[in-house]
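Engineer: one predicted model, sequence on top.
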Amino acid sequence: MPKVLISDKMDPKAAQIFRERGVEVDEITGKTPEELMAIIGDYDGLAIRSSTKVTKAILDAAKNLKVVGRAGIGVDNVDIPAASAAGVVVMNTPFGNSITTAEHAIALMFALARQLPEADASTQAGKWEKNRFMGVELTAKTLGLIGAGNIGSIVADRAQGLKMKVIAFDPFLSPERAIEIGVEKVELDQLLARADFITLHTPLTDQTRNILSAENLAKTKKGVRIINCARGGLIDEAALKAALDSGHVAGAALDVFVQEPAKESPLFGTPNFISTPHLGASTSEAQVNVAIQVAEQMADFLVSGGVTNALNMPSLSAEEAPRLKPYMALAEKLGSLVGQLTTGAIARVSVHSEGAAAELNQKPIVGAVLAGFLRVQSDTVNMVNAPFLAKERGIEVREVRNDREGDYQTLIRVSLKTEAGERSVAGTLFGNAQPRLVELFGIKVEADLAGHMLYVVNEDAPGFIGRIGTTLGEAGVNIGTFHLGRRDAGGEAVVLLSVDEAVTPELVAKVRALPGVKTVMPLKF
Ligand SMILES: NC(=O)C1=CN([C@@H]2O[C@H](COP(=O)(O)OP(=O)(O)OC[C@H]3O[C@@H](n4cnc5c(N)ncnc54)[C@H](O)[C@@H]3O)[C@@H](O)[C@H]2O)C=CC1
Ligand SMILES: O=C(O)C(=O)COP(=O)(O)O
């Protein structure tokens with residue numbers, strides 16, 4: 001039974017779903033990285049929010065880990081390249097908390113406009129300072145969105161309801177989408193110059209880090225109010241403090257900080273500064289949503305191989321997964337076969353699907369070919385890290401579909417291009433389930449690729465089958481199956497035979513010494 005660790009506070013629905021779906025679950029929150037490292041080796045899955053930092057060191061210790069599930073959106077607390085290299089799938093729940101976070105941004109916008117926290121504190125201190133707190137209206141003001149994705153577009157919708165004019169800077173926002181969500185797409189400098197309120201809704205990337213730098217803050221309209229419910233690091237906090245002190249920025253509300261938990265900050269205590277402790281996603285509705293989604297996605301993956309919302313692997317629905325399973329087994333065997341039979345640098349791997357295979361999601365099939373092929377070089381390769389490794393090694397990957405049937409109702413062909421040229425192997429499924437090799441470097445064969453095998457290329461001549469049988473028999477090696485194929489009578493022939501145990505190098509040498517033998521290679525599937 002797969003085992004999952006929930007390491008951040010999560011709605012109890014998550015544990016309930018894991019159990020219902022046949023996944024064992026432990027909830028252990030608040031661990032230090034060292035404590036987490038000591039226990040993570042026992043788990044197949046890790047369910048987190050933003051507190052747990054999934055570093056390379058944690059991943060190195062997580063010997064059984066297959067999936068990290070983020071109950072939320074941002075995955076900047078997960079080292080995704082390290083997870084990919086370790087073959088661990090990383091998933092998030094991209095929509096479950098977006099309404100809630102957008103509402104928090106709107107709440108902070110109102111709080112800034114009317115200085116609600118300071119007015120509340122003053123009133124409860126018995127001061128009744130009615131003349132001290134003069135607010136501003138939101139109606140007819142310009143709201144500048146930096147980032148107009150899921151959350152940004154919900155904020156835009158709510159702000160339009162408040163009769164604000166919404167402008168957005170987002171280089172990836174298409175003009176059609178801008179019209180659809182009713183925002184005016186502008187450049188950053190225009191946004192800075194025009195906005196009365198600015199709200200940030202981008203991930204933290206090299207391009208967005210310090211997007212509100214001292215220089216950009218200086219370009220904002222005097223009296224601007226700024227809200228950040230996205231990620232700490234998007235605003236230069238020292239520059240923001242200076243701009244608040246000088247009065248250029250009339251107010252700022254931060255839910256997120258460069259250092260979290262933010263127990264101290266030069267911004268604390270600054271007039272017109274509001275903060276919340278990363279509460280953007282903290283409503284009971286959003287927490288139930290993300291807990292259910294993350295547990296369902298992780299259980300699907302661990303129990304049936306379905307992949308949803310993964311950041312480092314193509315999606316594969318829980319319905320598709322069983323249908324694709326035999327194809328992936330075939331693809332992996334074909335990849336492994338060409339990998340074992342090819343030496344030298346690989347320039348290109350092409351995967352051609354024909355007939356029924358061409359109607360399926362090709363990404364997992366290509367991933368399985370690459371995994372089979374690269375596993376020959378390293379046994380830590382899997383579907384997740386194979387495409388990254390192939391890229392790292394400069395291997396071009398091609399995917400070709402042909403939905404017309406050829407000789408077979410379904411066929412996968414894997415071709416490998418090296419300096420020596422391009423060679424291919426092809427396989428089909430018998431009874432929609434049994435992987436079978438049907439072509440090997442242009443020669444028709446029919447073989448099951450399983451266990452220990454021996455590949456022999458020889459000149460087609462009488463007596464060869466007897467001689468190879470005797471040689472193996474004398475060495476005490478039992479032959480399970482024997483498959484033959486040849487280009488033409490008297491030409492080149494291949495023998496693929498399965499044996500009950502690994503063929504030793506000495507025996508390989510003996511077979512190679514038989515008359516007419518050109519190539520001998522032991523194989524393992
Ligand atoms: N405070 C909290 O508790 C929460 C914070 N978040 C954070 O909110 C942020 C936004 O989330 P979503 O809207 O769901 O993400 P999203 O991926 O749907 O949208 C992000 C938008 O930022 C845009 N973008 C990317 N690079 C940009 C750049 N250089 N300049 C301007 N725009 C750029 C993208 O094109 C995209 O439209 C994420 O960082 C997420 O982690 C999300 C949920 C809760
Ligand atoms: O979903 C996100 O990106 C968030 O920032 C929410 O963080 P949390 O799960 O509340 O720690």
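Structural biologist: Nice, I can see it. Ligands and ions are numbered 1, 2, ... in the order given.

Engineer: up against ligand 2, what does this structure have?
Structural biologist: Taking CB under 6 Å from any ligand atom as the criterion, the neighbours of ligand 2 within the chain are 49-50, 72-74, 97, 278, 280-282. Bear in mind the C-beta positions are built from the backbone N, C-alpha and C, glycine included.

Engineer: quick one: buried ones out of these?
Structural biologist: Neighbour-count burial (16 or more other CB atoms under 10 Å) is assigned, among the residues of the chain next to ligand 2, to 49-50, 72-74, 97, 278, 280-282.

Engineer: let's verify the residue in the stretch 201-350 of the chain that ligand 1 sits nearest to: helix, strand, or coil?
Structural biologist: Closest approach of the stretch 201-350 of the chain to ligand 1 (CB to the nearest ligand atom) occurs at Gly280, with a separation of 2.4 Å. Classification of Gly280 by DSSP: H, G, I helix; E, B strand; the rest coil places it in coil.

Engineer: mind checking how far the residue nearest to it when sequence neighbours are not counted is from ligand 1?
Structural biologist: Residue nearest to Gly280 in three dimensions, not counting chain neighbours: Thr101, with 4.0 Å by CB to CB, 6 or more residues apart in numbering. Plainly put, Thr101 is 4 Å away from ligand 1 if you go by CB to the nearest ligand atom, to the nearest Å.

Engineer: so where does Thr101 fall, helix or strand?
Structural biologist: Secondary-structure element containing Thr101, defined by DSSP states H and E: helix 98-114.

Engineer: hang on, the residue nearest to Gly280 packs against Ala281?
Structural biologist: Yes. Here Thr101 reaches Ala281: they are 5.7 Å apart, a contact under CB atoms under 8 Å.

Engineer: between the two, which contacts overlap?
Structural biologist: The overlap between the contact sets of Thr101 and Ala281 (CB atoms under 8 Å, 6 or more residues apart in numbering) consists of Ile73.

Engineer: returning to what we had before: report the distance from the helix holding Thr101 to the chain centre.
Structural biologist: On the basis of CA atoms, centre = their mean, to the nearest Å, helix 98-114 is displaced by 30 Å from the centre of the chain it belongs to.

Engineer: and it, average pLDDT?
Structural biologist: The average pLDDT within helix 98-114 is 98.

Engineer: element containing the nearest residue to Val338 once chain neighbours are set aside?
Structural biologist: Spatial nearest neighbour of Val338, chain neighbours left out: Leu416 (4.8 Å); criterion: CB to CB, 6+ apart. Taking DSSP H and E as the definition, one finds Leu416 inside strand 410-418.

Engineer: now the helix or strand that that strand is followed by: how far from the chain's centre is it?
Structural biologist: Using DSSP H and E, the next helix or strand after strand 410-418 towards the C-terminus is strand 421-430. Taking CA atoms, centre = their mean, one finds strand 421-430 lying 29 Å from the centre of the chain it belongs to.

Engineer: circling back to that earlier point, after the helix holding Thr101, which helix or strand is next?
Structural biologist: Taking DSSP H and E as the definition, the helix or strand right after helix 98-114 is helix 116-124.

Engineer: next secondary structure after that next one?
Structural biologist: Elements were assigned by DSSP H and E; along the chain past helix 116-124, the next helix or strand is strand 142-146.
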